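[1] attaching a predicted model along with its sequence, questions to come.
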Amino acid sequence: MKFIPVALFAAAVSASCGRIPQKRTADGTGHVFHFSYSGDHGPLNWHHIVADSDTCAHGRHQSPIDLNPKSVTFSRRGDVRIDIPTAESAKLENLGAGLEVVLTNGTLTTPDNTYQLVQFHWHTPSEHRINQEHFPLEAHFVFQDAENHLAVVGFLAQLSESGHSTCLFDNVFKQIDAVRHPGDYAYIGPLDFSEIARHLDRNPPVQYNGSLTTPPCSEGVRWYVSSQPLPLSVKSYNAVKRLLKFNARYIQNTLGSENLLDLASHD
Ligand SMILES: *[C@@H]1O[C@H](CO)[C@@H](O)[C@H](O)[C@H]1NC(C)=O
Ligand SMILES: *[C@@H]1O[C@H](CO)[C@@H](O)[C@H](O)[C@H]1NC(C)=O
Ligand SMILES: [Zn+2]
């Protein structure tokens, strides 16, 4: 299968994303990340500022990567499925360098395993690239199996020229003002996942074994990145970018090759 340009997914997208109550204040304050994406707390230094994250600097199967059709494997249609029931209420958290929804109702089924949802979150711009092209946004749905093995389903998003968007993202980003400050959290809902589940089914993901893209950068993470971007409205993109600013780790070396930080430290 080839990566084909974004074009024909608009038919399934309705003009309205349903009614969602507007929330204006946070329900409370929680934790924030201690790492960031620039300066001495940025990704070049994560192994110094976050405990037990040596893998960030020395691992050889680190994420994100450039998804080149020559180096990744496509799943067969129907082999990788997510099933996440509509969530009446879920916790939206501003983590400082991240925006996350905590939700555990949901499963990922792959040919050899079943995983339970842990949370999902966003990066601006995208972390993965496709043939070196980056995208304005990437969502990561993090799943875990009974032995704590991790699998992440990634969705890239592309600004749509037609005004179409992805309702799940619109409905979350409409609530972003409730969690304006790092540490803020608020309960939001309902959230409907049927549109993105269909998208994954129609656009089978590429798969590879990589790592977490945040410290401790643990490896052994099964990645499934949808081969087609979701549509995103300019309004939603601007709202989430205003909050997230820039939270994408740089592209890592080819899978199996020396970590770029090790490589850079040679004389
Ligand atoms: C998760 O599933 C349980 C059992 O079906 C249900 O009671 C609960 O409301 C669900 N949680 C959310 C956030 O929808
Ligand atoms: C990922 O690693 C597992 C376990 O070693 C292996 O079975 C699987 O084929 C790998 N997947 C890819 C896409 O390389
Ligand atoms: Zn992520």
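    Now that the structure is in, tell me what you want to look at. Ligands and ions are numbered 1, 2, ... in the order given.
[2] hey, let's count contacts and neighbours off CA atoms from now on
    OK.
[3] residue of the protein closest to ligand 2, please.
    With CA to the nearest ligand atom as the measure, Tyr208 is the residue of the chain nearest to ligand 2, at 3.9 Å.
[4] looks like that residue contacts Trp223 (just checking).
    Yes: using CA atoms under 8 Å, Tyr208 is in contact with Trp223, at 5.3 Å.
[5] can you count the residues close to Glu219?
    Neighbour count for Glu219, taken as other CA atoms under 10 Å: 20.
[6] list the helices and strands the longest helix seen in the chain packs on?
    Across the chain, the helix with the greatest residue count (assigned by DSSP state H) is helix 234-244. Judged by 3 or more CA pairs under 8 Å, 6 or more residues apart in numbering; DSSP states H and E, helix 234-244 is in contact with helix 167-173.
[7] quick check: residues of this structure near ligand 1?
    Counting by CA under 6 Å from any ligand atom, the residues of the chain close to ligand 1 are 87-90, 105.
[8] can you redo those as a markdown table with distance to Trp122 and neighbour count?
    Formatted as a markdown table, the residues of the chain next to ligand 1 follow (distance: CA to CA, whole Å; neighbours: other CA atoms under 10 Å):
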| residue | distance to Trp122 | neighbour count |
| --- | --- | --- |
| Ala87 | 18 | 16 |
| Glu88 | 20 | 11 |
| Ser89 | 19 | 14 |
| Ala90 | 15 | 17 |
| Asn105 | 19 | 14 |
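[9] beyond the helix or strand hosting Arg198, next helix or strand please.
    Here Arg198, judged by DSSP states H and E, is contained in helix 194-202. Toward the C-terminus, helix 194-202 is succeeded by strand 206-211 as the next helix or strand (DSSP H and E).
[10] distance from that next one to the middle of the chain?
    13 Å (CA atoms, centre = their mean, to the nearest Å).
[11] number of nearby residues for Gln62?
    30.
[12] that one in helix, strand or coil?
    Following DSSP: H, G, I helix; E, B strand; the rest coil, Gln62 is assigned to coil.
[13] make 23 the starting number, not 1.
    OK, 23 is where the count begins now, so the last one is Gln84.
[14] so what does whichever residue of the chain sits closest to ligand 1 have for phi and psi?
    Closest to ligand 1 within the chain is Ala109: 3.5 Å, counting by CA to the nearest ligand atom. Torsion angles at Ala109 (phi, psi; degrees, to the nearest 10) stand at phi -100, psi 120.
[15] before we move on, what about Ala79?
    Per-residue torsions, Ala79: phi -100, psi -20 (degrees, to the nearest 10).
[16] surely it touches Ala286?
    No: between Ala79 and Ala286 there is no contact under CA under 8 Å: 10.5 Å.
[17] who's more crowded, the two?
    Taking neighbours as other CA under 10 Å, Ala79 and Ala286 compare with Ala79 leading, 22 against 9.
[18] pull the contacting residues for that one.
    66, 69, 281-284 (CA atoms under 8 Å, 6 or more residues apart in numbering).
[19] let's see it at 7 Å
    Neighbour list for Ala79: 69, 281, 283-284 [criterion: CA atoms under 7 Å, 6 or more residues apart in numbering].
[20] let's have those in a markdown table, adding secondary structure and pLDDT.
    Below are these laid out as a markdown table (DSSP: H, G, I helix; E, B strand; the rest coil; pLDDT from 0 to 100):
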| residue | secondary structure | pLDDT |
| --- | --- | --- |
| His69 | helix | 97 |
| Asn281 | coil | 98 |
| Leu283 | helix | 97 |
| Asp284 | helix | 97 |
